[in-house]
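Peer 1: Let's see this in three dimensions:
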Amino acid sequence: MSTQIFENKMKVRDYECDGQGVVNNANYLHYFEHTRHEFMESCGIRLRDLTAENILPVVRRASLKYKNSLRGSEEFICTARIERKGLRYLFHQQIRRIPDNTLCAEGVIEVVCVIGGKVNAPAMFDKAFADYIVWLDK
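Peer 2: Numbering: from 1, shown residues only. As a prediction, the model looks like this:
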C-alpha cells in the first residue's frame, strides 16, 4: 500500500498580511493547522466529535522554515504527509505558491493525543489514516 500526500488549496486573505504586504509568519501555522483539520475530515474524523469523546489531539512541537513570502490574494497548496513514531504523529507539511510551485514554507508538526488526561494513540487514527501513514517504528 503506497502512502498519499493530502493537498489543500487555499488563498491568502489581505488581513493576513503585515505592513510590508507579506503574510505574517504566524499565519503559516494557521494554514498548516487548517490543512491538518481538512485532512482529518477527509479521513472521516471531526475535531468536535473527538473532543466530545474526550480525545484531544494537541500540538506538542512545531518546527517551521520560511523560504519565500506569500502576498495578499495569492493562491497556494498546503500539503501534509504523516508519519507515526511511538505515540507521536509527525505531520510533514509544505506550502507552495500557485502557479509557479515555489516553496514558501515547510514544517514538521508533532501531534499527540490526550485521552482521558493521558497521552495515548487512538486506534481510530491509525485506521482512518491507513492510506497516508508511514510507520517509523514497526
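Peer 1: Nearest residue to the middle of the chain?
Peer 2: By C-alpha atoms, centre = their mean, the chain has its centre lying nearest to Arg36, at 3.5 Å.
Peer 1: First residue to last residue on stretch 16-25, what's the distance there?
Peer 2: Using C-alpha to C-alpha, to the nearest Å, the span of stretch 16-25 from its first residue to its last is 9 Å.
Peer 1: what's the average pLDDT for it?
Peer 2: Averaged across stretch 16-25, the pLDDT comes to 96.
Peer 1: if I look at the residue nearest to the centre of the chain, how far off is Lys67?
Peer 2: Arg36 is 20 Å from Lys67, where distance means C-beta to C-beta, to the nearest Å. No exception for glycine: its C-beta is placed from N, CA and C like everyone else's.
Peer 1: And for Asn27?
Peer 2: Separation of Asn27 from Lys67 (C-beta to C-beta): 15 Å.
Peer 1: Who has more neighbours out of these two?
Peer 2: Set Asn27 next to Lys67 and count neighbours by other C-beta atoms under 10 Å: Asn27 wins out with 18 against 13.
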